[in-house]
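Q: fold the following for me, if possible:
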Amino acid sequence: MSFEFPLSFKFKIGTLSNDFVITDSQNNTVSYVRQKMFKLKEDIMCYSNESKQTLLYRIKANKWLDFSATYSFFNGEDKELGKVARKGAVSLWKATYVVLNAENTNEFTIREEKPWVKVLDALVSQIPIVGIFTGYMLNPSYLVTNEQNEPIMRFKKDSSFFGRKFSLHELKEVDENAQERIVLSLMMMILLERRRG
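A: Residues are numbered from 1 along each chain as shown. Purely as a prediction, here's the structure:
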């Protein structure tokens, strides 16, 4: 699948599942992503739209909820496309994920650009009334780099109430399959990072 960048990720509010919609630069729906809550093993469904009639992708964890789990991507025909793995020890301070292709080779790295923003966000959000507005003031960003450490994409939290909007900007062109793996990796990453706070 080819994408028209930038992409916008917008979380829904008031549902029991962790749902968000991805739209492209023309405001066309790219995917409706649904994460069922209270599952011991992650199983994320990515549909073509909110009607949930066409399954585009599925993201499955290799083990029960775990700090260093690997998450595999499958298309609608259940063919594996690649994986994303969180680097456990590094992620305590600075979120770091590795994107692997279908041959299990490291392809890209996703790193949090300014980890202190997340720490400050967590602290300020505990202050009554003021905490409500952290979504407008403190917005972390993540850089996707290739194996030569060249920036490929930037994923950032946009200023929004409840911190529910994110955007993905392309910095360097990559092929459609690589785009697909990066977008799927960021889908999984943002669900994990939101749960961490």
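
Q: past the lowest-mean-pLDDT helix or strand in the chain, which element shows up next along the chain?
A: Lowest by mean pLDDT, DSSP states H and E among the helices and strands of the chain is helix 134-137, with a mean of 53. Toward the C-terminal end, the helix or strand that comes next after helix 134-137 (DSSP states H and E) is strand 141-146.

Q: so which elements touch the following helix or strand past that next one?
A: The first helix or strand that comes after strand 141-146 along the chain, using DSSP H and E, is strand 151-157. Identification of packing neighbours for strand 151-157 by 3 or more CB pairs under 8 Å, 6 or more residues apart in numbering; DSSP states H and E yields strand 141-146, strand 165-170, helix 176-196. Bear in mind the C-beta positions are built from the backbone N, C-alpha and C, glycine included.

Q: quick check: which of these is nearest to residue 61?
A: Of all the helices and strands packed on strand 151-157, the one in closest proximity to residue 61, counting by CB to CB, is helix 176-196 (9.0 Å).

Q: tilt between that closest one and strand 165-170?
A: With axes from the mean of the first three to the mean of the last three CA atoms, to 10 degrees as the basis, helix 176-196 and strand 165-170 are set at 150 degrees to each other.

Q: and helix 176-196, what's buried?
A: For helix 176-196, the neighbour count (16 or more other CB atoms under 10 Å) marks 178-194 as buried.

Q: now do stretch 77-84
A: Quick answer for stretch 77-84 (16+ other CB under 10 Å): 81, 82, 83, 84.

Q: give me the residues contacting that stretch.
A: In this structure, residues lying in contact with stretch 77-84 by CB atoms under 8 Å, 6 or more residues apart in numbering are 57-58, 70-75, 97-102, 104, 107, 110, 177, 180-181, 184-185, 188-189.

Q: mean confidence for that stretch?
A: Over the span of stretch 77-84, the pLDDT mean works out to 95.

Q: now that stretch: how far from the chain's centre is it?
A: On the basis of CA atoms, centre = their mean, to the nearest Å, the separation between the geometric centre of stretch 77-84 and that of its chain is 16 Å.

Q: just the CA trace of that stretch, in CSV.
A: Output for stretch 77-84, consisting of C-alpha atoms alone and laid out as CSV, is shown next (Å, rounded to 0.1, in the frame of the first residue of the first chain):
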residue,chain,number,x,y,z
GLU,A,77,-4.4,-13.0,3.6
ASP,A,78,-2.4,-13.8,6.8
LYS,A,79,1.0,-13.4,5.1
GLU,A,80,3.7,-12.1,7.5
LEU,A,81,5.1,-8.8,6.4
GLY,A,82,7.6,-8.0,9.1
LYS,A,83,7.9,-7.2,12.8
VAL,A,84,8.6,-4.5,15.4
